[in-house]
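Asker: Okay, here's the prediction I keep looking at, along with the sequence it came from:
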Amino acid sequence: MGRQHWKKIWVGSAGNMVEWFDWFVYASFATYFAGAFFPSGNPTAQLMNTAGIFAVGFFMRPVGGWLLGRVGDRRGRKAALTLTVTLMSASAVLIAVAPTYAVAGYGGALVLLVARLLQGLSVGGEYAASATYLTEASAPERRGFASSFQYVSMTAGQIAGLGLQIVLQCTMSDDALHSYGWRIPFVVGALGAAVVFYLRRTMLETEVYAADASHAGERGTLRALWRHRREAFLVIALTMGGTVAYYTYTTYLTKYLSNSAGLPKQTATLVSFTALIVFACLQPLAGALSDRVGRRPLLITFAVGSTLLTVPVMTLLRHADGYWPALGLALLALVVVTGYTSINACVKAELFPTGVRALGVALPYAIANALFGGTAEYVALWFKKAGAESGFYWYVAGCAAVSLIVYVTMRETKDLDLNRVKAVEDSGESSLTTAS
């Protein structure tokens, strides 16, 4: 892989990291600011309110996927990536300055809601734009390896957020964190987004996109996407199990260990931080493996493992009594999830032709995340409040089982030529049925 390819991966990944830092610090710091925007009372109820707003951000992701996916297909991957980081910077600033319930009543929660809506728009387009950019910018035989850096950067963003949380926990009192310390990561996120905005303005467009001029009038349109509806529905189905498992063992894990297992917040945060570092290192290894053995074997391994292991792993985590038992179980779960996260970006991008690739990945993926990923935490807390927390474990396993059916029946995409997908589009056929 040449220097120019590495530069494209670096710029795309750096922006993705900041995007997901801003997205995830909302979840990781929710235990500190939940009481700031809602009346005092049941801590679980306050977390459910903030988790509800977190989920609302996911429901804006299909809108962002449509709007920014269209921009990515019509104006270029660079234009879409620059716009997403601008929206994310604005949302981080809003959260950083949002007034509390004591100052403005529910007005602060309204500001929080608007910020999450902007974040939903931004991330709805970011995933597809970065997935498409990283896939197109890499050599055909290294697409799995290159696209794995999407989840490396996503996880790096969360690691940075958790790392900052650990630093703040060690240097500030608990009262100070609940009072104003939780605002610090959002200020950091806004500043990071400003730096990435500059980097993305100087990034290079992918050669695959620049060389494609077919059906220019229909680039990024829903009409063009409808011709590839089978692939779009496939993206929704193959995302279902992966996104639920991912958010369960990343954004929800810290709260679960603190609110259900009873571990101190500092211990729960450290478990997540350590596990995510290992998880990030696994992504390129699994991505490179998929370039040799194919995408389906990794996806099937994830789905089988998640279906069979979720209930016992979550049950044991519920009774983890310290750092090491919790870390071991979290790592086991994340190793299994790696089979999905390391390659799902390139799998989806490989299904669509150039003129509709960004929209084809963005919209169906965002819909799946709105229905399953964004609601995972809220569903988990709902089961807990209802006194049937184990029901959530079966829910996660069931979603993985549904995706397993898709992985077993779908065709391999590893050797698919992106230019061949374009040719298939011109002939009016389905890229899924002609790819081998």
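Answerer: Received the coordinates, thanks. Numbering: from 1, shown residues only.

Asker: My guess is S390 contacts L317. True?
Answerer: No. At 11.7 Å, S390 and L317 do not qualify as touching, with contact defined as Cβ atoms under 8 Å. Every residue, glycine included, has its C-beta placed from N, CA and C.

Asker: Comparing the two, which residue is more hemmed in?
Answerer: Shown here are S390 and L317; by other Cβ atoms under 10 Å, L317 has more neighbours (24 against 13).

Asker: So that one: helix, strand or coil?
Answerer: Per DSSP: H, G, I helix; E, B strand; the rest coil, the local secondary structure of L317 is helix.

Asker: Would you mind measuring from it to T248?
Answerer: 10 Å (Cβ to Cβ, to the nearest Å).

Asker: likewise E389?
Answerer: 13 Å.

Asker: Mind listing the shared neighbours of those two?
Answerer: The contact sets of E389 and T248 overlap at A380 (Cβ atoms under 8 Å, 6 or more residues apart in numbering).

Asker: In terms of neighbours, single out the busier of those two.
Answerer: Between E389 and T248, counting by other Cβ under 10 Å, T248 is the more crowded of the two (27 against 18).

Asker: now for the helix or strand where M240 lies, which elements pack on it?
Answerer: Using DSSP states H and E, M240 sits in helix 229-249. If you count contacts as 3 or more Cβ pairs under 8 Å, 6 or more residues apart in numbering; DSSP states H and E, helix 229-249 packs onto helix 295-318, helix 323-341, helix 344-350, helix 357-368, helix 376-385, helix 390-409, helix 431-434.

Asker: how about those helices, which one is nearest G12?
Answerer: helix 344-350 (10.8 Å; Cβ to Cβ).

Asker: gap between the helix holding M240 and the chain center?
Answerer: Offset of helix 229-249 from its chain centre (Cα atoms, centre = their mean, to the nearest Å): 11 Å.

Asker: in that helix, what's buried?
Answerer: Neighbour-count burial for helix 229-249, counted by 16 or more other Cβ atoms under 10 Å, picks out 231-232, 234-249.

Asker: before we move on, what about stretch 253-263?
Answerer: Result for stretch 253-263 [16+ other Cβ under 10 Å]: buried residues 253-261, 263.

Asker: between these, which is closest to I343?
Answerer: L253 (22.1 Å).

Asker: The closest one: what's its closest spatial neighbour, skipping adjacent residues?
Answerer: Using Cβ to Cβ, 6 or more residues apart in numbering and skipping the chain neighbours, the partner closest in space to L253 is S272 (5.2 Å).

Asker: Can you report how many residues neighbour that neighbour?
Answerer: S272, neighbours per other Cβ under 10 Å, totals 30.

Asker: how close does it get to M60?
Answerer: For S272 relative to M60 (Cβ to Cβ), the value is 26 Å.

Asker: do G52 as well
Answerer: For G52 relative to M60 (Cβ to Cβ), the value is 14 Å.

Asker: Name the residue in these two with the higher neighbour count.
Answerer: Taking neighbours as other Cβ under 10 Å, G52 and M60 compare with M60 leading, 21 against 15.

Asker: Now for the nearest residue to the more buried one once chain neighbours are set aside: which residues touch it?
Answerer: Spatially, and ignoring its direct neighbours in sequence, M60 is nearest to G120 (2.8 Å; Cβ to Cβ, 6+ apart). Residues in contact with G120 (Cβ under 8 Å, 6+ apart) are 56-61, 63-64.

Asker: ok, now with 10 Å
Answerer: Applying Cβ atoms under 10 Å, 6 or more residues apart in numbering, we find G120 in contact with 23, 54-65, 87, 91, 366, 369-370, 374.

Asker: can you tell me how far it sits from V396?
Answerer: Distance of G120 to V396, given as Cβ to Cβ: 22 Å.

Asker: hmm, back to that, my guess is the residue nearest to L253 contacts A333. True?
Answerer: No. Contact criterion Cβ atoms under 10 Å: S272 and A333 do not qualify, at 11.6 Å.

Asker: which residues are common contacts for the two?
Answerer: Common neighbours of S272 and A333, counting by Cβ under 10 Å, 6+ apart, are 249-250, 253, 279.

Asker: Could you identify the most distant pair in those?
Answerer: The widest separation within the shared contacts of S272 and A333 (Cβ to Cβ) is 10.9 Å, between L253 and F279.

Asker: any shared contact partners between these two?
Answerer: Taking Cβ under 10 Å, 6+ apart as the contact rule, L253 and F279 both touch 272, 330, 333-334.

Asker: Poorly predicted segments of the protein, please.
Answerer: Under the criterion pLDDT under 70, the flagged ranges of the chain are 1-2, 39-48, 54, 213-216, 419-436.

Asker: quick one, longest helix in it?
Answerer: The single longest helix within the chain, with elements called by DSSP state H, is helix 107-137.

Asker: so that helix versus helix 357-368, what angle?
Answerer: Inter-element angle recorded for helix 107-137 and helix 357-368: 140 degrees (by axes from the mean of the first three to the mean of the last three Cα atoms, to 10 degrees).

Asker: Same question for helix 107-137: list its buried residues.
Answerer: For helix 107-137, the neighbour count (16+ other Cβ under 10 Å) marks 108-109, 111-113, 115-137 as buried.

Asker: Beyond that helix, next helix or strand please.
Answerer: Counting by DSSP H and E, what follows helix 107-137 is helix 143-147.

Asker: chain center to that following helix, what's the gap?
Answerer: Offset of helix 143-147 from its chain centre (Cα atoms, centre = their mean): 17 Å.

Asker: What's the separation between the residue nearest to A232 when sequence neighbours are not counted and A358?
Answerer: Once flanking residues are discounted, A232 sits nearest to P364: 4.4 Å by Cβ to Cβ, 6+ apart. Taking Cβ to Cβ as the measure, P364 falls 12 Å from A358.

Asker: Then M410?
Answerer: The gap separating M410 from A358 is 21 Å, by Cβ to Cβ.

Asker: that older thread, between the shared contacts of S272 and A333, which sits nearest I9?
Answerer: Nearest to I9 among the shared contacts of S272 and A333, counting by Cβ to Cβ, is F279 at 18.8 Å.

Asker: In contact with W394, which residues?
Answerer: Counting by Cβ under 10 Å, 6+ apart, W394 has contacts 310-311, 314, 383, 388.

Asker: can you put those residues in JSON lines and add distance to I343 and neighbour count?
Answerer: Shown next, in JSON lines, are the contacts of W394 (distance: Cβ to Cβ, whole Å; neighbours: other Cβ atoms under 10 Å):
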{"residue": "T310", "distance to I343": "20", "neighbour count": "27"}
{"residue": "V311", "distance to I343": "25", "neighbour count": "15"}
{"residue": "M314", "distance to I343": "24", "neighbour count": "23"}
{"residue": "F383", "distance to I343": "30", "neighbour count": "17"}
{"residue": "A388", "distance to I343": "34", "neighbour count": "11"}
